[in-house]
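Asks: can you look at this prediction? I've put the sequence above it.
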Amino acid sequence: MAGSRNHVLRAVVCASSSVFLCASMALGAKKPVQLIRASVPLPEASLLDVQISVFGAEETGPFPEIQAAEARYMPVRLKDGLQSSRFWGVVHVVPKSSIPELSISGVIISSTSRELKLRLRAVDATGKVWLNKNYKQKADATSYLGKDPNDEPFQDLYHRIANELAKKYRKLDHEDLARIRTVSRLRFAAYLAPETFDGYVTSKKKSRYEVARLPSHEDPMLLRVDRIRQRDGMFLDAVDTHYADFHARMIDAYHGWRSTDYWEREAMKSRSSRTVGGAGWTLGGVTRGPLCGTPGIFGSPTVDDQRRYAASQERDHVHILSELGASLASDVAPLVLEVDGKVLRLEGSVATQYARWRELLREIFAAETGTTSRD
């Protein structure tokens, strides 16, 4: 088995240059979706902060741990696109949104190496729905030709979403942006102290929120709310860093798994096109032979060699991704915070730490103001 595997590896190495050339010719050139970027830096007062919740899944697939990993991976890819567009303020990936100025949630309808289907919803703090639609994207197979894991085969999909959000944003005027920011601020205040701030925002049909009245700019309770929210932002930075680190740990194995799966599926489709007498063979879905070059002095791997090698590669990647996915449900390093000279220690999974932090926010505010925290 080792000799067979080495045989395939040598053949792959010798054939690599012609594979790139032939695969590029076979796949054809496709113009990528360009990310819309703000031409000049926007005023801070006009930037909306965004929270992207960890995605859900419509159905359980054969590798639930990989699905769990993808649910964290995809929001980070979307976040990177939003940040690069320069239309937004702080963009965080979180277990669950907490009344941000713009909240994005998603559901993975299906995810394969060949096609990605997502259902995405974006809602601002006033309850206005910006996006609520399904997206479907075929993989850019040229991304599977190289070894750079950052070469995302579904980048066009993330750019499409970011561009649509940017177009929605561009339609807002200064008053619209100010209203969204104000409603978000007052809804957060009502979350901390409902007995004090519930009357400032009214909720009408279709979950739309409007400002009923405004507190004084010097209201000491509101100023305390702002200080609590700044602490919440620092905690969200830590949570977001966790998801970014997870993305960095899984990206190599995830790229390898998708690439191996893609080319093996292509090979299965094209094996029937092999020429009579073994004059050609397939690697990564590309028919090899005199036109596209030969594998060199080491000879051609057989179909069985290719299948065994692909299966071995897939098992390796799945094992790594499964371990990473399973680690999401386990405890992560405790998060130690210092708030007003008091050391707080949060333990458990990221979601558990996040939920406990939300409770602590109310407790901290109640202690500072002498109010009663919400149960």
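Replies: Ah, there it is. Numbers count the residues shown, from 1 in each chain.
Asks: helices of the stretch 51-200 of the chain, start to end?
Replies: 64-85, 155-170, 174-192, 194-197 (DSSP state H, counting those that start in this stretch).
Asks: cool, and the stretch 201-350 of the chain?
Replies: Counting by DSSP H, counting those that start in this stretch, the stretch 201-350 of the chain has helices at residues 220-270, 303-327, 350-369.
Asks: among those, which gets the worst mean confidence?
Replies: Mean pLDDT across those is lowest at helix 303-327; the value there is a mean of 59.
Asks: what is the neighbour count of Ile108?
Replies: 19 (other CB atoms under 10 Å). Any C-beta I mention is one placed from the backbone N, CA and C, and that applies to glycine too.
Asks: and if you look at Leu337?
Replies: By other CB under 10 Å, neighbour count at Leu337 equals 15.
Asks: distance of the nearest residue to it once chain neighbours are set aside relative to Phe235?
Replies: Nearest non-adjacent residue to Leu337, counting by CB to CB, 6 or more residues apart in numbering: Leu344, 4.6 Å away. Going from Leu344 to Phe235 by CB to CB, to the nearest Å gives 10 Å.
Asks: Glu338 now?
Replies: According to CB to CB, Glu338 and Phe235 sit 12 Å apart.
Asks: more neighbours: which of those two?
Replies: Legend: neighbour count by other CB under 10 Å for Glu338 and Phe235, higher for Phe235 (23 against 8).
Asks: give the closest residue to the more buried one in space, chain neighbours not counted.
Replies: Nearest one to Phe235, counting by CB to CB, 6+ apart, is Trp357 at 5.4 Å.
Asks: for the closest residue to Ser46 other than its chain neighbours, which residues are in contact?
Replies: Nearest residue to Ser46, sequence neighbours excluded (CB to CB, 6+ apart): Leu177, at 5.4 Å. Shown in contact with Leu177 (CB atoms under 8 Å, 6 or more residues apart in numbering): 45-46, 48.
Asks: give me the buried entries from those residues.
Replies: Leu48 (16 or more other CB atoms under 10 Å).
Asks: which of the contacts of Leu177 fall in strands?
Replies: Per DSSP state E, strands hold the following members of the contacts of Leu177: Leu48.
Asks: from the contacts of Leu177, which is closest to Asp226?
Replies: The closest of the contacts of Leu177 to Asp226 turns out to be Ala45 (CB to CB; 14.9 Å).
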